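Kindly return the folded structure for what I paste below:
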Amino acid sequence: MIALYRLFMVMILMILSIFIKAQANIVEKDNTSSSKSAELLAPSKTNTRERIEIHFTVYNGIIYVQASLNGKEGTFILDSGAPDLILNSDAENIEYNSSYKSEASGVGGKVKKAGSAHIKSFYWNGITLSEGNVLSVSMSHLTKKKILGLIGYSVFDDYALTFDYKNHKIIGLLNPSLAQEKELNGELIATIPFEMYKHIPVFSMEVNGKVYNMGLDSGAAANVLYEKYVPELKESIIRYKESDLTGIGGKTKAKKGRIKRLKVGDVNYEKLGFIFENDMLNGLNHKSTVKIDGLLGYEFLKQYITTVDFKAKEVRIYKK
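Okay, here's the model as predicted:
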């Protein structure tokens, strides 16, 4: 039960952050127009390295990295499912702004201390954010580790990221060439085009002849699929059972199981674990023009060396 709770938390923050940002009135910097005093400016970003190499640790399927906030080193969760840098309002030395306090809901109820925080500087492997405001959310129930926050999509979206779980590293290239990538990663076995829904890459997954639109989320320690699809997939699901789930707002129930075999592109994946639920995915799909049937995260990414190229809108899968 404890492991399942931790698997689910980061995915919940992905949904929360979309709504909190709008309520906290955080806007992108725009030198051509003046912002209203009620609005908070997002930090500016600069990239100083063509190639970045990020070493990480994994605990319960969540990626932890080191970065510097306001000159002090600390631990962050790497989460492509979060749209931006999000700070932990429970951490020490976070300049939490109660004036922009907001409410958001997650599994089990409302989230405490959801608002904004000011940063002077953030530095992570050649990526710098300077002087601005970011989302700030209580993360006290997310992990036992002391974390300063989540590093989300907009921080690294200029790079093509290659996830290598075997060697616990991520390589980021500003201007990748396929030849260079193959030299680093080995044999290319599949190229999967995707479309973007907000900050989430979406592509097809096939299970026993049925096709589902899946979002890719590096911060999701568990894969997720709509529970409503369980009846049509019952012959493909094993170890299916109900478990208690302690969410960011309280306790609820969740179904979990493993899909015997699924296919992404021409690549087969066997016995991947999934959580089956409806509420979070309904929230993600609210007013969406792109239907998302589920999310693929850690258990998907760790099977092969996987490159996510946000500019080319491709996922490229390499044989280990």
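
what about Lys145, how many neighbours?
As a burial measure, Lys145 scores 11 neighbours (other CB atoms under 10 Å). Using the backbone N, CA and C atoms, a C-beta is placed for each residue, glycine as well.

Verify the stated contact: it with Gly74.
No - between Lys145 and Gly74 there is no contact under CB atoms under 8 Å: 10.5 Å.

Could you pull out the buried residues of stretch 145-164?
Within stretch 145-164, the residues that count as buried by 16 or more other CB atoms under 10 Å are 147-157, 159-164.

now stretch 206-214
Applying 16+ other CB under 10 Å to stretch 206-214 flags Val207, Tyr212, Asn213, Met214 as buried.

quick check, nearest of those to Arg316?
Nearest to Arg316, judged by CB to CB, of these is Met214 at 16.3 Å.

OK, contacts around the residue lying closest to the closest one once chain neighbours are set aside?
Computed as CB to CB, 6 or more residues apart in numbering, the closest residue to Met214 that is not its neighbour in sequence is Met205, at 4.6 Å. Shown in contact with Met205 (CB atoms under 8 Å, 6 or more residues apart in numbering): Val211, Tyr212, Asn213, Met214, Leu262, Lys263, Val264, Asp293, Gly294, Leu296.

Among these, which ones are in strands?
Val211, Tyr212, Asn213, Met214, Leu262, Lys263, Val264, Gly294, Leu296 (DSSP state E).

ok, which stretches of the protein are helices?
2-24, 153-156, 178-185, 279-285, 298-301 (DSSP state H).

In terms of mean pLDDT, which of the ones you listed ranks lowest?
Sorting those by mean pLDDT places helix 2-24 lowest, at a mean of 46.

How is this protein divided into domains?
Taking the TED database as the criterion, the chain consists of the domains 15-27+38-161, 192-319.

Dump these to CSV, plus distance to Leu178.
Output for the domains of the chain, formatted as CSV (distance: least, CB to CB, whole Å):
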stretch, distance to Leu178
domain 15-27+38-161, 10
domain 192-319, 8
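
weakest of the ones you listed by average pLDDT?
The weakest mean pLDDT among the domains of the chain belongs to domain 15-27+38-161, with a mean of 80.

How far off centre is that domain?
Domain 15-27+38-161 sits 11 Å away from the centroid of its parent chain (CA atoms, centre = their mean, to the nearest Å).

Over to stretch 205-219?
On CA atoms, centre = their mean, the centre of stretch 205-219 falls 16 Å from that of its chain.

Can you dump the C-alpha atoms of it in CSV for me?
The C-alpha trace of stretch 205-219 is given here as CSV (Å, rounded to 0.1, in the frame of the first residue of the first chain):
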residue,chain,number,x,y,z
MET,A,205,-0.2,1.8,-27.5
GLU,A,206,-1.7,-1.4,-28.7
VAL,A,207,-3.0,-4.2,-26.5
ASN,A,208,-4.5,-7.3,-28.1
GLY,A,209,-5.5,-5.4,-31.3
LYS,A,210,-7.0,-2.4,-29.3
VAL,A,211,-5.3,1.0,-29.6
TYR,A,212,-5.1,3.5,-26.8
ASN,A,213,-3.7,7.1,-26.7
MET,A,214,-1.0,7.2,-24.0
GLY,A,215,0.8,10.2,-22.4
LEU,A,216,4.4,9.9,-21.5
ASP,A,217,5.4,11.1,-18.0
SER,A,218,8.9,10.5,-16.6
GLY,A,219,7.6,11.3,-13.1
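
Could you single out the nearest of the buried residues of stretch 206-214 to Tyr123?
The closest of the buried residues of stretch 206-214, once distances to Tyr123 are taken by CB to CB, is Met214, at 32.8 Å.

Could you count how many residues lie near Pro231?
So Pro231, with other CB under 10 Å, has 7 neighbours.

Lys311 now?
12.

Tell me, how many residues neighbour Tyr165?
18.

Thought Gly61 was touching it, still the case?
No - counting by CB under 8 Å, Gly61 is not a contact partner of Tyr165; they are 10.1 Å apart.

ok, now which ones touch the closest residue to Gln180 other than its chain neighbours?
In this structure, Gln180 finds its nearest non-sequential neighbour in Leu173, 7.2 Å apart by CB to CB, 6+ apart. When contacts are counted by CB under 8 Å, 6+ apart, Leu173 is found next to Glu50, Arg51, Tyr159, Ala160, Thr162, Gln180, Glu181.

any idea how far Glu195 is from Leu173?
22 Å (CB to CB, to the nearest Å).

Equivalent analysis for Ile119, please.
Look at Ile119 and Glu195: by CB to CB, they are 31 Å apart.
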